[in-house]
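let's see this in three dimensions:
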Amino acid sequence: MRLEYRIELSEVGVPRFSVEAQEGIAKLFVLATVVFNVLDSKPVVEIVFHGVNREDPDRKIEAFREILESVQVDAPLRFEESSQGRIGQSSSYYKWVRVSQ
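Next up is the predicted model:
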């Protein structure tokens, strides 16, 4: 299913994004640039990493952190891992992360 909509960043209190573990590293680089751009106008961004294996979210989070930490910024970013778990009877695991300056 494909859903298209328009949303203004100014209308969102806390911008949230999602990353599937099956996505390649290119998706993480794109997300990193989006996060930096959003943090220019918002104090925090939340991201849910999800995948079919228990280790998937942690692996993607580690790669994402490595990408973000490779950028020279005035103040280091803060990462706060939040809720995590498994969705019901499925094989989907997730972990939320808050990124702020």
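
and residue 58, helix, strand or coil?
Using DSSP: H, G, I helix; E, B strand; the rest coil, the structure places residue 58 in helix.

next, the spatially closest residue to residue 50 that is not a sequence neighbour: phi, psi?
Distance criterion CB to CB, 6 or more residues apart in numbering; nearest residue to residue 50, sequence neighbours excluded, is residue 94 at 4.1 Å. Backbone N, C-alpha and C define where each C-beta goes, glycine included. Backbone torsions for residue 94, taken as degrees, to the nearest 10, come to phi -140, psi 160.

tell me which helix or strand in the chain has the weakest average pLDDT.
Lowest on mean pLDDT, DSSP states H and E among the helices and strands of the chain sits strand 78-86, with a mean of 89.

so what secondary structure elements neighbour that strand?
helix 56-69, strand 93-100 (3 or more CB pairs under 8 Å, 6 or more residues apart in numbering; DSSP states H and E).

swap in 6 Å and give it another go.
Contact partners of strand 78-86 among helices and strands, from 3 or more CB pairs under 6 Å, 6 or more residues apart in numbering; DSSP states H and E: strand 93-100.

name the helices or strands packed onto the strand it packs on?
Strand 93-100 makes packing contacts with strand 44-51, helix 56-69, strand 78-86 when contacts are defined by 3+ CB pairs under 6 Å, 6+ apart.
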